[in-house]
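Chemist: no FASTA, just this:
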């Protein structure tokens, strides 16, 4: 060690520079850690969003097909209404209708036939109001066209007549 004061100043300045560089490197490491955590969280959110989208696509993959079958359900319903009791044609229509309903139910579709139930604007479309004995006001009197729901999503509302309020 020498007693030269300029050498002590240079060594002190070099130490200070090294400490500053060390602090800068630590700050950069912390910044990179934070950035890595954000990117990891973003990637996880993206993975969850993709899984949710795939699940939605799977649940509603048959939506178009089932929507296209709604007129077939309506035709079978009309045929059942027109067919006489005990008629062989009626029996065949009932079996076909039940089979079709089972296939639709197996694919997540449910039938809305709200006769006698309270009017629900989320699932029913009122086309008129009427008076009926023994039916509470605001309840469905008649269903003109049944509605359908696919895995909780409304495919078509039921067309109904609702009992008048006094």
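Modeler: Here it is on my side, so go on. As the structure is a prediction and not an experimental result, all values here were calculated from the model.

Chemist: Could you look up the SS state of the nearest residue to residue 120 once chain neighbours are set aside?
Modeler: Excluding its sequence neighbours, the residue lying closest to residue 120 (C-beta to C-beta, 6 or more residues apart in numbering) is residue 114, at 7.1 Å. For glycine as for every other residue, the C-beta is placed from the backbone atoms N, C-alpha and C. With DSSP: H, G, I helix; E, B strand; the rest coil as the basis, residue 114 sits in coil.

Chemist: which residues sit in contact with residue 114?
Modeler: 120, 123-124, 140, 143, 147, 158, 160 (C-beta atoms under 8 Å, 6 or more residues apart in numbering).

Chemist: give me that answer again for 7 Å
Modeler: Each residue near residue 114 by C-beta atoms under 7 Å, 6 or more residues apart in numbering is listed here: 124, 140, 143, 158, 160.

Chemist: same question, residue 129
Modeler: Counting by C-beta under 7 Å, 6+ apart, residue 129 has contacts 161-162, 164.

Chemist: Pull out the buried members of those.
Modeler: Using 16 or more other C-beta atoms under 10 Å as the burial test, these include 161-162 as buried.

Chemist: In JSON lines, list the contacts of residue 129 along with distance to residue 43.
Modeler: Output for the contacts of residue 129, formatted as JSON lines (distance: C-beta to C-beta, whole Å):
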{"residue": "161", "distance to residue 43": "54"}
{"residue": "162", "distance to residue 43": "51"}
{"residue": "164", "distance to residue 43": "58"}
